[in-house]
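*Asks:* Please find the sequence and the predicted model below.
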Amino acid sequence: MKTKLLFLSFLLTLQMPFAFAQSQRIAIDYMVTVNTNFAIASTRSTHHLYILNHESIYFKDSKDSINQFINRDPNNTNTVQLGSRTLFKLSDNHYASFDMIQLYKNYEQDKLLLQEDLSGKSVVLQEDLTIFNWTILPNQDTLILGYPCKTATTDFRGRKYKAYFSPKLNNFGGPWKFEGLPGLILQVQSEDNYFVIEPIKIALNAQLEPIQNPYKDTKEEIIVGWEAFREAKINRLLTKYRAAVAKTGDLNFSINPNGDRIENIEIGIVDAKTIKAMEKAQKAKKKKKKNSTTF
């Protein structure tokens with residue numbers, strides 16, 4: 001009987017971390033600043049993170065998006081529609097794109113889903129949650145909104161980041177794509193100050209509706225993996241470049257695919273010189289794939 005009780009106690013101990021994680025209902029408001037390369041278009045807006053059981057959703061509502069531009073023309077109440085993009089007038093008569101974000105994470109399935117722009121075409125990018133290689137720094141503890149936090153750093157797609165996470169709040173979770181630390185990520189800042197995420201409000205045991213995957217019934221193409229996204233981006237750029245050159249006859253035409261992206265997709269300026277290199281790389285890749293299939 002004693003052995004049976006000890007065995008049951010052992011099973012309960014194993015289940016406790018999972019049960020603890022499953023019971024979490026956390027809501028965090030973040031202030032997110034993106035100091036774009038084109039300073040006039042820099043943004044600052046509130047984003048929301050809801051964590052419930054094994055899912056989370058990170059988003060900003062339409063009001064947050066409308067007011068996000070630090071240098072928005074205060075007299076502008078109208079928007080301009082350019083294809084699928086909605087533009088707002090800035091204070092120097094330039095225009096910037098209105099953007100929304102809905103980033104869904106499923107921790108049981110180890111995946112995140114996010115709508116992305118593929119050079120004018122909207123797609124859904126699916127990635128693993130384990131895409132960060134973190135280094136936890138010793139003796140770098142601090143307090144954020146009253147919660148004890150540890151410090152970690154990482155290099156991710158062209159930028160170095162420092163993050164602060166609290167094991168006291170939860171054993172997973174974070175804003176945007178940030179994940180993979182043994183605690184809830186409360187604050188992140190890139191070394192170049194381009195991308196800054198700061199918490200402004202934390203609610204534990206929040207009253208949350210069940211989290212819905214916004215892409216469950218999507219009709220948009222789902223691209224799985226960052227490399228597949230890059231490959232699709234390259235193909236799209238090649239098509240657009242050829243069409244533009246054929247229409248204008250301008251061989252000096254160029255496209256900047258990176259723009260003001262937080263992540264570097266590692267594609268340089270697309271012009272007559274780089275287009276040949278991209279086409280050569282594609283042919284080599286197809287040939288290698290064909291040879292590996294043959295043998």
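*Replies:* Yep, that arrived.
*Asks:* In the stretch 151-295 of the chain, what residue spans correspond to helices?
*Replies:* Ranges of helices in the stretch 151-295 of the chain, per DSSP state H, counting those that start in this stretch, are 226-248, 272-294.
*Asks:* so what's Lys276 up against?
*Replies:* Applying CB atoms under 8 Å, 6 or more residues apart in numbering, we find Lys276 in contact with no residue. The way it works is simple: take the backbone N, C-alpha and C, and place the C-beta from them, glycine included.
*Asks:* And it, what's its pLDDT?
*Replies:* For Lys276, the model assigns a pLDDT of 72.
*Asks:* how about the helices of the stretch 1-150 of the chain, start to end?
*Replies:* Along the stretch 1-150 of the chain, counting by DSSP H, counting those that start in this stretch, helices occupy 2-22, 62-66.
*Asks:* Confidence-wise, which of these is weakest overall?
*Replies:* Taking the mean pLDDT of these, helix 2-22 comes last: a mean of 39.
*Asks:* quick one on the thing from earlier: can you tell me which of the helices of the stretch 151-295 of the chain is most buried?
*Replies:* Mean neighbour count (mean count of other CB atoms under 10 Å) peaks for helix 226-248 among these, with a mean of 15.
*Asks:* Rounded mean pLDDT for that helix, please.
*Replies:* 84.
*Asks:* which helices and strands does it pack with?
*Replies:* For helix 226-248, the elements it packs on are strand 111-118, strand 121-127, helix 272-294, judged by 3 or more CB pairs under 8 Å, 6 or more residues apart in numbering; DSSP states H and E.
*Asks:* if we go to 10 Å?
*Replies:* strand 111-118, strand 121-127, strand 222-224, helix 272-294 (3 or more CB pairs under 10 Å, 6 or more residues apart in numbering; DSSP states H and E).
*Asks:* contacts for that helix?
*Replies:* Identification of contacts with helix 226-248 by CB atoms under 10 Å, 6 or more residues apart in numbering yields 116-121, 123, 125-128, 131, 157, 221, 223, 225, 250-255, 257, 263, 265-267, 270-272, 274-275, 278-279, 281-282, 285.
*Asks:* Weed out the non-buried ones from those residues.
*Replies:* 118, 123, 125-127, 131, 223, 253, 255, 257, 267, 270-271, 274-275, 278 (16 or more other CB atoms under 10 Å).
*Asks:* Quick one, which of the residues you listed has the minimum pLDDT?
*Replies:* Pro257 (63).
*Asks:* Report the spatially closest residue to Ser62, excluding sequence-adjacent ones.
*Replies:* Closest residue in space to Ser62, ignoring its immediate chain neighbours: Met100 at 7.2 Å, by CB to CB, 6 or more residues apart in numbering.
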